[in-house]
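Engineer: quick check, what structure comes out for this input:
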Amino acid sequence: EVPDEIGGYGAKGVGEIGCVATAGAVASALYSYDRIRRLSLPMENSPAAPSIPKSRQLEQRRQTYLSTVRDPSGTRFQREEALGDLELVQAR
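Structural biologist: Here you go, the predicted model:
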């Protein structure tokens with residue numbers, strides 16, 4: 001190996017770090033769903049696969065959910081229980 005002149009100790013970048021936990025998160029979600037451990041990829045032929053909606057249906061459900069919990073301005077989420085605390089802070 002040839003050390004990289006820019007990064008110390010041959011380091012290149014951390015762009016791939018976000019991909020490391022994806023398979024584990026999916027495996028954990030499927031395990032929570034049907035209690036079957038999956039230790040290899042691909043995990044597409046699982047009993048849970050038919051219950052996973054198609055991408056268009058999933059996006060439609062996501063948008064419907066977000067429209068019910070998002071503040072009308074669209075910049076933050078509604079939390080009715082937290083509004084009382086906010087009013088207390090502003091009153092001080």
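Engineer: please make it C-alpha for all contacts and neighbour counts, starting now.
Structural biologist: Fine.
Engineer: and this structure, what are its domain boundaries?
Structural biologist: 1-52, 53-92 (automatic domain parsing).
Engineer: which stretch in these has the least confidence?
Structural biologist: Ranked by mean pLDDT, those end with domain 53-92 at the bottom, a mean of 59.
Engineer: ok, Tyr31 to Leu41 distance?
Structural biologist: To Leu41, Tyr31 is 14 Å away according to C-alpha to C-alpha, to the nearest Å.
Engineer: neighbour count winner among these two?
Structural biologist: Tyr31 (14 against 9; other C-alpha atoms under 10 Å).
Engineer: I'd guessed the more buried one sits against Arg37; true?
Structural biologist: Yes. Counting by C-alpha atoms under 8 Å, Arg37 is a contact partner of Tyr31 at 5.7 Å.
Engineer: now do the SS call for Arg38.
Structural biologist: coil (DSSP: H, G, I helix; E, B strand; the rest coil).
Engineer: Ala27: neighbour count?
Structural biologist: For Ala27, the neighbour count with other C-alpha under 10 Å is 19.
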